[in-house]
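>>> just a sequence and a predicted model for now, questions to come.
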Amino acid sequence: MSDVFDLFRLDGRTALITGGSQGLGLHLAKGLAQAGAQIVIVSRRLEMCQSAAREIEAATGRRTWAFSADVTQAEQVHELFTSVQRDVGNVDILLNSAGLNKRGSIETLSVEVWDEVVDANLKGPFLMAKAFGPEMARRGWGRIVHFGSILSTIGIAGRTPYASSKAGLLGLTRVLALEWAPQGVTVNALCPGPFATEMNRPLLNDPVQYANFVSKIPMGRWGELNELTGGVLFLCSNASSFMTGSTLTIDGGWTCQ
């Protein structure tokens, strides 16, 4: 038997991370690079992607590329796929970490806000999987990880478009898992609870809301970004080779109540 830690190594793999130029996406990209993967960073702003790529290479020594694209736009995703195939080669791992959350009661939400959030959280992962998944299936190995949320399975008032899009993402995950399981491509969803990310800054800056969230977490605190890295590495590696169409929830016990 080989070393058990080899199951988690990503040497020879290329991982593409959407929303990887900052915050959580950048943190996870560094983790995958430390495990041996080459990295492709994608977000809307090329200069931020380039800065992130330099940071990852300096920290890990792993080759990293930067591309800009709006992953909610089909034409841009097609151009991204073509550019990555030309300049990098095949993508083995797709981590859809780009997302958006806008809060408000349904009475105050505009249709434009609904479309913006659903496009970012559901249409984007659909377009990216549609572009990069078939090539993974053709080669017989691939990992697609969608970023869900505890709101994929529970509700919180004022989160209509976010919760709806994240619930829909689990449906997309299951269907793609069934379609590509025979070709060795796994599709899973990571569903975090409250973590200190830029998306959650409005809650972090509001002592009342922050305390309200903590009161719902059996572990009595928010999560730290390092506590997501292991789960992502598991889902992106051979360690999870018999797991597909599933959700991995990391929430301090919130949803077990």
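Nice, I can see it.

>>> for the stretch 1-150 of the chain, just list every one of the strands.
With strands called from DSSP state E, counting those that start in this stretch, the stretch 1-150 of the chain shows them at 14-18, 38-43, 64-68, 93-96, 142-147.

>>> same question, the stretch 151-257 of the chain
Secondary structure of the stretch 151-257 of the chain (DSSP E, counting those that start in this stretch): strands at 185-192, 247-250.

>>> can you say which of those strands is packed in most?
Stretch with highest mean neighbour count among those: strand 185-192 (a mean of 25; mean count of other C-beta atoms under 10 Å). The C-beta positions use only the backbone N, C-alpha and C, and glycine is treated the same way.

>>> hmm, who's touching it?
129, 133, 136-137, 141-150, 152-153, 166, 169-170, 173, 176-177, 180, 223, 228, 231-232, 235, 240-241, 243-251 (C-beta atoms under 8 Å, 6 or more residues apart in numbering).

>>> any of those residues buried? List them.
129, 133, 136-137, 141-150, 152-153, 166, 169-170, 173, 176-177, 180, 223, 228, 231-232, 235, 240, 244-251 (16 or more other C-beta atoms under 10 Å).

>>> including distance to His78 and mean pLDDT, could the strands of the stretch 151-257 of the chain go into a markdown table?
Below are these laid out as a markdown table (distance: least, C-beta to C-beta, whole Å; pLDDT from 0 to 100):
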| stretch | distance to His78 | mean pLDDT |
| --- | --- | --- |
| strand 185-192 | 20 | 98 |
| strand 247-250 | 29 | 97 |
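
>>> number of nearby residues for Ser237?
21 (other C-beta atoms under 10 Å).

>>> where does the closest residue to it other than its chain neighbours land on pLDDT?
Counting by C-beta to C-beta, 6 or more residues apart in numbering, Phe8 is the residue found nearest to Ser237 once chain neighbours are left out, at 4.8 Å. On the pLDDT scale, Phe8 is placed at 97.

>>> residues in contact with Phe8?
Contacts for Phe8 were tallied using C-beta under 8 Å, 6+ apart; they are Ala35, Leu233, Phe234, Ser237, Asn238, Ala239.

>>> now list the buried members of these.
Of those, these count as buried by 16+ other C-beta under 10 Å: Ala35, Leu233, Phe234, Ser237, Ala239.

>>> possible to save those as TSV with distance to Ser110 and pLDDT?
Formatted as TSV, the buried ones among the contacts of Phe8 follow (distance: C-beta to C-beta, whole Å; pLDDT from 0 to 100):
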residue	distance to Ser110	pLDDT
Ala35	42	98
Leu233	39	98
Phe234	39	98
Ser237	41	98
Ala239	43	98
